[in-house]
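Undergrad: Here's a sequence, model it:
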Amino acid sequence: MQLAPKTAASTASGRPALNRYSVALAAVILALGLRTTFGEDFSHEHPFVLCLFAVIVASGYGGLLPGLLTAGLSVIAVSWLSGAIPPLSPPYDPRYWQRVLSFAAVSLVISVFINWLLKANQRLRASAKALEEANARLKTSEQELKLANLRLKNSETELTEANRLLKYSNEELETFAYAVSHDLQAPLRTVAALSEMVAERHKGRLDADTDELLGHISAGVKRMAKLVSDLLDYSKASRPEPSNAVTTDGNAVFAAVLRDHHSAISEHGATVICTGLPMLRMDPRRLHQVLSNLVGNAIKYRSANSPEIQVDARPDGDRWILTVKDNGIGFDGKHAERIFHPFERLHSSADYDGSGIGLAIVKRVVDQEGGRVWAESSPGEGSTFFVSLPRAAGEVPSVPAESPRTSAVTASK
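TA: The predicted model follows:
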């Protein structure tokens, strides 16, 4: 069973009830004793002065009810001792009862006021205690925050060190890959030359199996040489180079790309149309790498129809977006990110030659130029590659007129 809460009056002092009422009774007795000591004249002129002090003591110690009890007992006791209550004598002075009423009113006011002070003091102490607890919690929170900040700083230091080590490891790996791919070229050329010399010197004197083995050796060496060459290109693209961001004529670079792929364009009857490329703030060699790989892939992954490749550019805020679109075999859109990873191939080398490094070079170069590259495609519906590059400061974002050098190149088989 839940106990009823104590009233404000009974709990204002926060002391046991027996002690509070005992002090009230003792205060009345003390006041009456002092009244007798001061003599009859004083008692007659000021019958309740000492009793007021008793009320103050009782209210201050016990609260409202002990104060009122002290006032009531004082009136009864003083009236009895003064003969104002029968059967001792009839009322002898009307002013006496006025003093009684005044004493009662003053006692009530004093008791209520002191009780309010006690409750206010109690609330103040509770607030002070709550404030101390809040300060303690605040100090605890501050300590926890300091510890969290310290752990965060330690984590940041560890992360910075880990990034430094990772960067150092990547640089070492790129340097190693560059050195290995560079140094492997000479031995591979030697092996290729020796295998060709053996085949020439012993032509017609070896059996068919030996000729076939020599052919496999030669083909394997060529594939290895191609792989090493692509790895070297990727390593070069990964190595930081001094800034050479000159203003480059995109049309001139694309014309050079078409000259490089002229044989493949002629062989497969490809049609390449460019509606004009802008002036770009980019190293022409790196722009050539990007466009050459995209055009080469468009020819390589052709469908049964003659390849059709369209290259254009459009402004997009402070960027240019170059687009290379073809009508080739396409690929599943879920591989749109995977194809830009090094050595990732969606087809076997028996179907399409290559090392799977070309698009990785494109991504690496574009990333280093502060751009982005992505692709959209569906199987059998061709592919579209997008290259977003920052526009040079002060450049007017408009596509130049179609250039005769790169407008259309059509070759027949």
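Undergrad: what's the next secondary structure element after the helix or strand residue 211 falls within?
TA: In this assignment (DSSP states H and E), residue 211 forms part of helix 208-238. Per DSSP H and E, the first helix or strand lying C-terminal to helix 208-238 is strand 247-249.
Undergrad: neighbouring contacts of that next one?
TA: Applying Cβ atoms under 8 Å, 6 or more residues apart in numbering, the set of residues contacting strand 247-249 from outside is 277, 279-284, 287, 392. Where you see a C-beta, it was placed from the backbone N, CA and C, and this is true even at glycine.
Undergrad: Okay, and residue 128 sits in which element?
TA: Counting by DSSP H and E, residue 128 is part of helix 94-201.
Undergrad: That helix packs against which elements?
TA: Judged by 3 or more Cβ pairs under 8 Å, 6 or more residues apart in numbering; DSSP states H and E, helix 94-201 is in contact with helix 8-11, helix 49-62, helix 64-82, helix 208-238.
Undergrad: where does residue 352 land on pLDDT?
TA: Among the per-residue scores, residue 352 shows a pLDDT of 69.
Undergrad: actually residue 153, not the one I wrote
TA: 90.
Undergrad: Please pull out the lowest mean pLDDT helix or strand from the protein.
TA: The weakest-scoring helix or strand in the chain, judged by mean pLDDT, DSSP states H and E, is helix 8-11 (a mean of 43).
Undergrad: The helix or strand that it is followed by vs helix 64-82, what angle?
TA: Next along the chain after helix 8-11, taking DSSP H and E as the criterion, comes helix 17-38. Computed with axes from the mean of the first three to the mean of the last three Cα atoms, to 10 degrees, the direction of helix 17-38 lies at 30 degrees from that of helix 64-82.
Undergrad: can you give me how far helix 17-38 is from the chain middle?
TA: Computed by Cα atoms, centre = their mean, to the nearest Å, the chain-centroid distance of helix 17-38 equals 73 Å.
Undergrad: other SSEs contacting that helix?
TA: The contact analysis (3+ Cβ pairs under 8 Å, 6+ apart) places helix 17-38 against helix 40-45, helix 49-62, helix 64-82.
Undergrad: again, only using 7 Å
TA: Here helix 17-38 touches helix 49-62, helix 64-82, going by 3 or more Cβ pairs under 7 Å, 6 or more residues apart in numbering; DSSP states H and E.
Undergrad: ok now the helix holding residue 128, how far from the chain's centre?
TA: 14 Å.
Undergrad: That helix vs helix 49-62, what angle?
TA: Using the same axes, to 10 degrees: helix 94-201 against helix 49-62 is 20 degrees.
Undergrad: going forward can the numbers begin at 142, since that is how I track them
TA: OK, 142 is where the count begins now, so the last one is helix 235-342.
Undergrad: so which strand or helix has residue 527?
TA: Here residue 527 is assigned to strand 524-531, by DSSP H and E.
Undergrad: partners of that strand in the sheet?
TA: In the sheet, strand 524-531 lines up against strand 460-467 (antiparallel), strand 513-518 (antiparallel) (DSSP bridges).
Undergrad: any idea which of the ones you listed is most buried?
TA: Across those, the average number of neighbours (mean count of other Cβ atoms under 10 Å) peaks for strand 460-467, which reaches a mean of 21.
Undergrad: What lies in contact with it?
TA: 418-419, 421, 435-436, 439, 448-455, 523-532 (Cβ atoms under 7 Å, 6 or more residues apart in numbering).
Undergrad: let's see it at 8 Å
TA: With Cβ under 8 Å, 6+ apart, strand 460-467 has contacts from 391, 418-419, 421, 432, 435-436, 439, 442-443, 448-456, 512, 523-532, 538.
Undergrad: quick revisit: what's the offset of the strand holding residue 527 from the middle of its chain?
TA: With Cα atoms, centre = their mean, you get 29 Å for strand 524-531.
Undergrad: How about stretch 398-416?
TA: Worked out by Cα atoms, centre = their mean, stretch 398-416 lies 48 Å from the chain centre.
Undergrad: Mind listing what's buried along that stretch?
TA: For stretch 398-416, the neighbour count (16 or more other Cβ atoms under 10 Å) marks 398-399, 402, 405-406, 411-416 as buried.
Undergrad: and these as TSV, adding distance to residue 195, pLDDT and secondary structure?
TA: Shown next, in TSV, are the buried residues of stretch 398-416 (distance: Cβ to Cβ, whole Å; pLDDT from 0 to 100; DSSP: H, G, I helix; E, B strand; the rest coil):
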residue	distance to residue 195	pLDDT	secondary structure
398	113	93	helix
399	117	94	helix
402	117	91	coil
405	119	90	helix
406	120	92	helix
411	118	91	coil
412	118	92	strand
413	115	93	strand
414	114	93	strand
415	112	92	strand
416	110	89	coil
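Undergrad: Show me where the stretch 242-391 of the chain dips below the pLDDT cut-off.
TA: 311, 313-315, 317-326, 345, 368-369, 371-373, 375-386 (pLDDT under 70).
Undergrad: Try it again at 80.
TA: Within the stretch 242-391 of the chain, the stretches with pLDDT under 80 are 242-252, 255-256, 259, 308-387.
Undergrad: Quick check: phi and psi on residue 506?
TA: phi -60, psi -50 (degrees, to the nearest 10).
Undergrad: same question, residue 453
TA: According to degrees, to the nearest 10, residue 453 has phi -150, psi -180.
Undergrad: Give the bridge partners for it, please.
TA: The partner residues for residue 453, given DSSP bridges, come to residue 464.
Undergrad: wait, what's in contact with it?
TA: 415-418, 463-464, 540.
Undergrad: 7 Å - rerun?
TA: Taking Cβ under 7 Å, 6+ apart as the test, what residue 453 contacts is 415-416, 464.
Undergrad: cool, and residue 165?
TA: Contacts of residue 165 by Cβ under 7 Å, 6+ apart are 199, 203, 207, 210-211.
Undergrad: ok so, going back, which among the contacts of strand 460-467 count as buried?
TA: By 16+ other Cβ under 10 Å, the contacts of strand 460-467 give 391, 418-419, 421, 432, 435-436, 439, 442-443, 448-454, 512, 523-526, 528-532 as buried.
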